[in-house]
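**Student:** quick one, what's the 3D model for this:
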Amino acid sequence: MKASSRRENRPYSTAETVAQRSNMRAAEHAGAAGSVWSVASCAGKALRTGMRRGWMLLAATTVCAAAGGCMAHTQSVAVDVDARDWSRPALLSFTNSDTTTLRDLHLFIRCNERFEADSLPLRVMLLSPDSLRFEERFVLRTERSELPAARSRVCEAPFRSRVVLPDTGRYRLVIAPATPQRGIEAVGINIVKTE
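**Tutor:** Numbering: from 1, shown residues only. From the prediction side, this is the model:
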């Protein structure tokens, strides 16, 4: 009780208003029942707000899950290359955590109007997480399209079908042109779950 009487006797500060002082006195006089009631009403309000937010989060999650369930499970990795003269190897890396699912691997390039060939010979090397290396030559067939000069096009070709990546970890893919190429802006791989 002495603490409350001391509080009443001290002068008002600039941050403390008369209304705040009267609310403090009313809370002290109400005793434990008043403080429990105010805590309960605050907790109830927080609970109602939390439940409202929870329902909104649940609805948003359900919509995203429904939309994602209809799409193919795709992992895509790409890297930009020198469009004026691509001759250096491009290094792509991706992480695998699923060692049982069948997948299709598709290589793709993004090219502009300077790339005029109908095929692109590539050297492709795949390094697994346990350092095994698989290397081969691959010819990516392209189609000419009549796009405006400011737009680039994407050419994609299947590289491997029904593949299981047996190791978990980081795979590295090195792609290089057999001869220097002009007009290729990016190179990449799409990893799609086999249907």
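**Student:** and the pLDDT for residue 112?
**Tutor:** Reading off the confidence values, residue 112 has pLDDT 87.
**Student:** nope, residue 177 is what I was after
**Tutor:** We have a pLDDT of 96 for residue 177.
**Student:** same question for residue 152.
**Tutor:** Confidence score, pLDDT, at residue 152: 80.
**Student:** now do the contacts for the closest residue to it other than its chain neighbours.
**Tutor:** Closest residue to residue 152 in three dimensions, ignoring its sequence neighbours and counting by CB to CB, 6 or more residues apart in numbering: residue 112, at 4.7 Å. Every C-beta, even on glycine, is put in place using the N, C-alpha and C of the backbone. Going by CB atoms under 8 Å, 6 or more residues apart in numbering, residue 112 touches 83, 149, 152, 153, 183, 185.
**Student:** quick check: which ranges of the chain have low pLDDT?
**Tutor:** For the chain, the stretches flagged by pLDDT under 70 are 1-73, 145-150.
**Student:** tell me which stretches of it form helices.
**Tutor:** Using DSSP state H, the helices found in the chain span residues 2-9, 18-70.
**Student:** tell me the contacts of the nearest residue to residue 78 once chain neighbours are set aside?
**Tutor:** Leaving aside its sequence neighbours, residue 78 sits nearest to residue 188 (CB to CB, 6+ apart; 2.9 Å). With contacts defined as CB under 8 Å, 6+ apart, the neighbours of residue 188 are 76, 77, 78, 79, 92, 107, 108, 109, 110.
**Student:** ok, now how distant is the residue nearest to residue 152 from residue 154?
**Tutor:** Relative to residue 154, residue 112 is positioned 11 Å away (CB to CB, to the nearest Å).
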